[in-house]
Each structure stands twice: as C-alpha cells, then as structure tokens.
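Asks: coords please:
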Amino acid sequence: MENEKQDLERFLKNVDEISELVKELNSSDPECQKKASEKADQLICCLKENEESDESCNTRLNRTVINTNPPQAVTGPQGRQNDSEISTENFMKILEKDAEDRRKRRKENEKLANALKEMGNEAFAKGDYETAVLRYSEGLEKVRDMQVLYTNRAQAYIKLMKYQEAIGDCDWALRCNEKCIKAYIHMGRAHLALHNYKEARNCYHRILDIEPKRENIVHEYLNQVDLEEKKALQEQKARAEFEQGKENATSVLELLHKLGKPEQISLYYTGGICLLSEAIKDGTEQTLFRIHNGFSIINSNPIVRRSLSLKQPDRFNDDLCISVLNLWKVICEGNEENQKILIHSSGISENFVNLLASETPGIQMTCIRVLCIYSQTQYGRSLVLQILDLDKLVENLLKFINNKDITAKTAVGILDRFAGEQKFRVHFQGNFTTTFLPPFTSLLNNMPSVDLTVLPPCISMMASMTGDDIIRKKTASCQECWEAFLTAMDACAVSDQSSEAQDVLCALLGFMINISKDHTLAIEEKAIIITARCLKQLNSSDGGIITRTTGLLSNILPHSHAATEEAVQKGIVKKMITFLKAGGQTTTHFSIKTLAICTTASIQAREELVKLDKKLCTLVKLLRTGDEVVVGNAALSLGQCLEVPGAASSLLGSDIVMLLLKHAGGDASKTTVQRNTAIALGRLCTVEPGHLIELRKLHGLEILDSCMKYIK
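Replies: A predicted model of the protein is given here:
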C-alpha cells in the first residue's frame, strides 16, 4: 500500500514537470524555449535510465508521461539541434506516441484484468474467498485504477473477516470514483464488524448524499447498525450484572446448567423451563440466556425436540411444548438478536408453522403469541418473510378466523401486519384467489355464526393485500367475492341496531370502494344489484355509512348505464343535492361525482336537478371552491344541465360567466377542470345570448375561442 502511494506521488511530480515544460516550449520568448528544450532532452534521458513499470492508480489524473524509449532520431543533450521549433515538434511527437502506446497497453491490461475479475467472481460464488482475493489482486497488478476490483476484493476480505484490508480497498475504490456506492456499503459493513458504529453510519449516510432514492435500503443498513450497537450494549450490561453477582443474573446460569443435564424425564425439563421463564424479567436476563448458550441447551435437547415435533402427543409432551413456546416468547419479546437466533435455529422454522396446526389449544395459542412478537416490528417481519414457509403459515393462520376466541383476532392481526409488507403481497400474487379469498368469502357468507368483532380487522387485512395492483384486480374480478359482499350487506341490514354490524358494514363499504375502481365484468354484472343495496343504505342514520355508500355508488354507476337509470328513477338526484348542501369534504367529493355521472347519462337527472336546485345555486357554490376535483365535476354537471330549457336564463345577472372564465383560462393542474368549465361556458353563451354579451364585456372571447375545440 505504501509503494502504491509513492508511485502516485512520483506520477504527479512527472505530470507537473511535463506540464511546465510544454508551457515553456510554447513561450514566445526564444531564450525560454531554448532552456525548455534542454530540460526536455535531459528529462528524456533520465527517464530512459529509470523506466517505471507501473501505471498511475487514479483515473481522474492525466496519465500521459514521457516515453522512456525515445526514437533514435532524438539525440541526447550533446547532439541536440539548436532550432527550438524542431525540438518542440519532436518533443510533442514523443508525447503523442507515448500516449498511444500507453492506450494500447491499457486496453490489453484491461482485457486481462476483466478476465481475472471473472475468475475471482467464480471463486467467490463457490465460497473460495482466498482464491477470489488472489485473482482480484492479480487483476489490480494489471490495472491499478479498476474500481470494481477493489470493491470485489473488499467483499471477499469481509468474508475472510479481514476488515481493515476491506476498508483499505474501499478507500482506493473511492479514489477511483468518489461516488462509488458499493465502496460505501462494504466500508460500512467492515466498520460495523469492527464495532465502529459511528463510522458505519457515516458511510451509509454518504450513500444518501450520492443517491437520495436509495433511502429504503440505507434505512435497512442503518437499522442493522442500531441493532448491532444495541446488542453490544446489552451484552456489556449483562456481563457487568453477572460479575456483580445479582440474583436474577446468576439464577439464569444456574437453571441453564441444570437444564443441560441429559436424559431426564419430560416433567423435569418442563419444570426447569417454567422456572427459567419466570427468572427472565428484562433484557439483561434475555441477553444472559443468549451469551450462555441457552438456545443450544434448550433447542438441542432431544426430549424437547421430540415434544416440539408433535410425533408423540401426550399430556406431558404437550406441557413441555407449551413451556418451551412460552420461554421463546419471554426471551424474544423486545429482543431482536434473540429473535434472529431463534428463528435461524435448526428445525425451529418448521416448528413455528406446524405447531399452529396442533390439536392442543394451549400449543396453538402460545405459538400464535410467539409469532405475534415477530409481526410487531419490521425487523421481526423481515425474519419471518425470509425464513418461514409463508404459504403454509398463512393457510394455518386463516383457519383461526372462524374461531370465537382471542386466537381469531390475534391471527388476523398478525396477517394484517404482514399484509403491509410489499414482499408478502408479491409472494401471494399468484395464489391469492385460492389462499385468501375462499376463507374470507366464507366468513362473509356466514356472518350470523361468526364473531363480528373479527370481521373489521379481517377486512382491513384484505384491504392491505389489495394495495397490490395485481391482487386488487383479481379480487375485483371475482364473482364469488361480490356475491359475498352482497350477502354481508344484507346480514348487516338485518341487525342494523348492532354496533358491531355497523362497524362491519362501514369497513366492508370502504373495501368495496377500493376494489371497484377497476372496470371488471364481475362488477358490471352486479352493478344493478349493488346499486339497489346502496340506495337502501342512503337512508342510514350513520353519517360514515352514508359517505361510504355514496363513494361506492360513484365507482359503480360508471360501469352500467342501466344501474345509473335505476338510481335516477329511485331519487338519487335529490339525495345527492341534500348531501351537497349539508357539506362535508369527503361526502361532497363523492356526491358531486355521482351527480355528474347521473346528469351525463340521464336527461331525467338533468331535469330533476334544474327543478330541485333553483338557479343551480348548489353547483355554482361548488364552482367557488378551491378543490379542483369538485370544480371539475360541478362544471361537468352544470354543462349537462344547461341543455334543459330555462336553465341558462336562470343564471342571468349572476357572475357565472366570470366564474367559468376564470377556471377555463386558469392554470389548474387537472386539465379536466379547464375542459369541463370551457364546455359549460361555451354552452352557456350558445344557449343564452345574454351571457355572450357579458363575455364580450369581460374580453373573454379569445379564451372561449381557444376552448371551443372541447365542445362536441
């Protein structure tokens, strides 16, 4: 490493000398040119005697140096020509030839270095890290400034636990490219292994400075640093308390020693593990359990392993199994390092999944509680997603949702937290309809016989899953799913006095709003029936249900003209006007959208709106809001209503022209606002000439002309 630094210094010195010589040779002063020519000849002879074999290691520097083997035509200092122009010309030719020679050698060396890099990568993939280091080093002998060879060798050094060497390679990679992300990643890992937490964090923060979009992965790296630092502090504190002889600290070691006795009866281990669980009060005892090989003592015991396998079920084995599961819960709660060690222990990942299917309620419940601990943190969830059999895990958890005890809510809560993880959703894209939908629709179809308090969190879990576009579209296309929704809505209507039923209906309507955004054949076929159910719910005394029902209608009606006509016949226009007058931001959004759909599709809806809303005051009021979605839909509805005789005339004397002109010529982010207001303005002036006169007064004809293309 020291030799490389010396090479770099010599290279920089040569570059400075040559740069100064070139300036002097190009000087307008003949005396200066003469001296420069003498210096050039001397430098050529000197370099010929001291030829350097290595190249520079920094790509950001000018790599052109004097050719150490000048052509014979160039004489030494004693025989040089006096003509400075010829000497300058020869010197520049030497530089050019030297640069070309170096370019060719560079190209050949890069080819060899890349071949050695691939050989190193193959050795790394096989776990032969020593050979990988050797190949990368050979590559660097060919090309000293090849960034990828430094980062690859650093990664191999980390595998060999040569962390200082890895940091050194990362430093050289950054000299080649100061924005090398991999160099900062590997340097951070090496510092972390050396417990240099501050330096590790600095490395990861530098990644964000270079590429802010890598925020998620940097967050994971920083979380690893936090966990490692937390682990070190825990172990430091635990050892200190143990050395001080504190009772709980010493009792953990004593109990582990007794539990390490082989070939005892299951009752012996059950009692000892129960006492150990009681002795573990906080993080100190949890850490002492870990650093004194507690995981190995318990999990490698053949009698314990037999109880966890459920191969010989009996009361004693079941009790031992429950005591072990409870111990897992105690040692893992709030302790990420213990969670990691446990789930990576041999056979434990299979036990987690299989024990959920046990016929013993106590085993099921305790296993769910352990799994619940993992589900409560992002780190715990990542361990489960990485290690456990997700398909079997979800299958077993979903079996609990029909239970009428705490296991149902706990299981659904676990699933809901995992549903928020993108990796979890992506995993189930292919089999969502066979894994999740059957138990979910069964739950909805059997509402009278299930615990209603389980349904809202279950619907929430399904809503999280449909945050994935593929899963949402599959759900929206499922006929059985929509039939189950309708059945559940009917069941809620029967028990409308129940607060639990109202909670279910509210959650269900929100879920239906979410998945009805996509146009599917299933929704189109059920649109009329869904609309009929929604119209009944508009009479509810619960404002939340009215708002969500209106939202569902605003999504369903565009799927079916027949459903829209049915809604108009049943008096939906009057309902929407009432809701708009009452206010409420979300309700207003849904109501004006529904009204715009109806007035666009139905002449009757337009006539009713003009009749019920004198001078279209409600629509004009909405045009004054700053909400572009509301303004766009209000303008659309207004434009349709202007076709009704007398509607345009009723607006004479108002500031409607000014209002529409403002929006049509404005700079709204949504083009639909300009389009809909332009159409309404054009129709207004076409139907009633009085408004055209007002438009001229406002010098708005140019704006109207530019908007006429929107009018069909």
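Asks: drop to CA atoms for contacts and neighbour counts, all remaining ones
Replies: Will do.
Asks: where does this structure have its least confident helix or strand?
Replies: When the helices and strands of the chain are compared on mean pLDDT, DSSP states H and E, helix 2-25 comes out lowest with a mean of 59.
Asks: next up, the contacts around Leu415.
Replies: Going by Cα atoms under 8 Å, 6 or more residues apart in numbering, Leu415 touches 394, 397, 461.
Asks: now it. Its backbone dihedrals?
Replies: phi -60, psi -40 (degrees, to the nearest 10).
Asks: quick check: the gap between it and Met462.
Replies: 9 Å (Cα to Cα, to the nearest Å).
Asks: surely Gly690 is in contact with Gly653?
Replies: No - with contact defined as Cα atoms under 8 Å, Gly690 does not reach Gly653; the gap is 9.2 Å.
Asks: buried residues in the strand or helix carrying Leu276?
Replies: Assigned by DSSP states H and E, Leu276 falls within helix 266-279. The neighbour-count check on helix 266-279 (16 or more other Cα atoms under 10 Å) flags 266, 269-270, 272-277, 279 as buried.
Asks: more neighbours, Gly690 and Gly653?
Replies: Gly690 (16 against 11; other Cα atoms under 10 Å).
Asks: element containing that one, please.
Replies: Using DSSP H and E, Gly690 falls within helix 689-697.
Asks: please apply the same query to Ser358.
Replies: Using DSSP H and E, Ser358 sits in no helix or strand.
Asks: got the contact list for it?
Replies: Ser358 is in contact with 310, 364, counting by Cα under 8 Å, 6+ apart.
Asks: how near is it to Val687?
Replies: 76 Å.
Asks: go on, Glu243?
Replies: Glu243 is 94 Å from Val687, where distance means Cα to Cα.
Asks: those two - which one has more neighbours?
Replies: A count of neighbours by other Cα under 10 Å puts Val687 above the other of Glu243 and Val687, at 18 against 11.
Asks: can you give me the distance of that one to Thr587?
Replies: As judged by Cα to Cα, Val687 and Thr587 stand 32 Å apart.
Asks: tell me the phi and psi of Gln376?
Replies: Per-residue torsions, Gln376: phi -80, psi -10 (degrees, to the nearest 10).
Asks: chain center to stretch 117-137, what's the gap?
Replies: 33 Å (Cα atoms, centre = their mean, to the nearest Å).
Asks: how far does stretch 577-587 stretch from one end to the other?
Replies: Using Cα to Cα, the distance between the terminal residues of stretch 577-587 is 11 Å.
Asks: swap in stretch 442-453?
Replies: 16 Å.
Asks: just stretch 434-453 next, same as before
Replies: 24 Å.
Asks: where does pLDDT dip in the stretch 301-450 of the chain?
Replies: Along the stretch 301-450 of the chain, segments meeting pLDDT under 70 are nowhere present.
Asks: which residue packs closest to Glu165, ignoring adjacent ones?
Replies: Nearest non-adjacent residue to Glu165, counting by Cα to Cα, 6 or more residues apart in numbering: Tyr157, 6.6 Å away.
Asks: swap in Asn317?
Replies: Leaving aside its sequence neighbours, Asn317 sits nearest to Ser307 (Cα to Cα, 6+ apart; 5.0 Å).
Asks: hmm, back to that, quick one: name whatever helix or strand follows the helix holding Leu276.
Replies: Immediately after helix 266-279, counting by DSSP H and E, sits helix 283-291.
Asks: relative to helix 266-279, how tilted is that following helix?
Replies: Put simply, helix 283-291 runs at 140 degrees to helix 266-279, going by axes from the mean of the first three to the mean of the last three Cα atoms, to 10 degrees.
Asks: change the start of the numbering to 9 and stick with it
Replies: Taking 9 as the first residue, the last one we looked at is helix 291-299.
Asks: so which strand or helix has Leu560?
Replies: According to DSSP H and E, Leu560 maps onto helix 551-564.
Asks: neighbouring contacts of that helix?
Replies: 513-514, 517-518, 520-521, 524-525, 531, 535, 538-539, 542, 545-548, 594-595, 598-599, 601-602, 605.
Asks: mind running it again at 7 Å?
Replies: Helix 551-564 has contacts (Cα atoms under 7 Å, 6 or more residues apart in numbering) with 514, 517-518, 520-521, 524-525, 535, 539, 542, 545-546, 548, 595, 598-599, 601-602.
Asks: averaged pLDDT, it. What do you get?
Replies: The pLDDT scores in helix 551-564 average 94.
Asks: after that helix, next one along is what?
Replies: helix 569-577.
Asks: got the buried residues for that following helix?
Replies: The neighbour-count check on helix 569-577 (16+ other Cα under 10 Å) flags 569, 571-576 as buried.
Asks: next one: stretch 363-379
Replies: With the criterion 16+ other Cα under 10 Å, stretch 363-379 contains buried residues 363-366, 371-379.
Asks: in helices only, show me the residues you listed.
Replies: 363, 371-379 (DSSP state H).
Asks: next, format the residues you listed as a markdown table and append distance to Thr633.
Replies: Shown next, in a markdown table, are those (distance: Cα to Cα, whole Å):
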| residue | distance to Thr633 |
| --- | --- |
| Leu363 | 58 |
| Ile371 | 59 |
| Gln372 | 56 |
| Met373 | 54 |
| Thr374 | 55 |
| Cys375 | 55 |
| Ile376 | 51 |
| Arg377 | 51 |
| Val378 | 52 |
| Leu379 | 50 |
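Asks: nearest to Leu328 among those residues?
Replies: Set against Leu328, the nearest of those by Cα to Cα is Ile371 (9.9 Å).
Asks: helices along the stretch 309-458 of the chain, start to end?
Replies: Counting by DSSP state H, counting those that start in this stretch, the stretch 309-458 of the chain has helices at residues 310-317, 323-340, 344-352, 356-363, 369-383, 386-395, 398-406, 414-427, 430-435, 440-443, 445-453.
Asks: and the fourth one, what does it pack onto?
Replies: Read it as helix 356-363. For helix 356-363, the elements it packs on are helix 369-383, judged by 3 or more Cα pairs under 7 Å, 6 or more residues apart in numbering; DSSP states H and E.
Asks: for Asn346, give me its contacts.
Replies: With the criterion set at Cα under 7 Å, 6+ apart, Asn346 makes contact with 298, 339-340.
Asks: any idea how far it is from Ile339?
Replies: From Asn346 across to Ile339, the span is 7 Å (Cα to Cα).
Asks: what do you get for Lys239?
Replies: Applying Cα to Cα, the value for Lys239 to Ile339 is 14 Å.
Asks: more neighbours, these two?
Replies: Ranked by neighbour count (other Cα under 10 Å), Lys239 and Ile339 place Ile339 first, with 26 against 17.
Asks: contact partners for the more buried one?
Replies: By Cα under 7 Å, 6+ apart, the contact set of Ile339 is 294, 346.
Asks: circling back: taking the contacts of helix 551-564 one by one, which sit in strands?
Replies: If you go by DSSP state E, these have nothing in strands.
Asks: could you list which of those belong to helices?
Replies: Reading helices off the contacts of helix 551-564 with DSSP H, I get 514, 517-518, 520-521, 535, 539, 542, 545, 595, 598-599, 601-602.
Asks: between those residues, which is nearest Asn641?
Replies: Using Cα to Cα, Lys601 comes nearest to Asn641 of those, at 5.8 Å.
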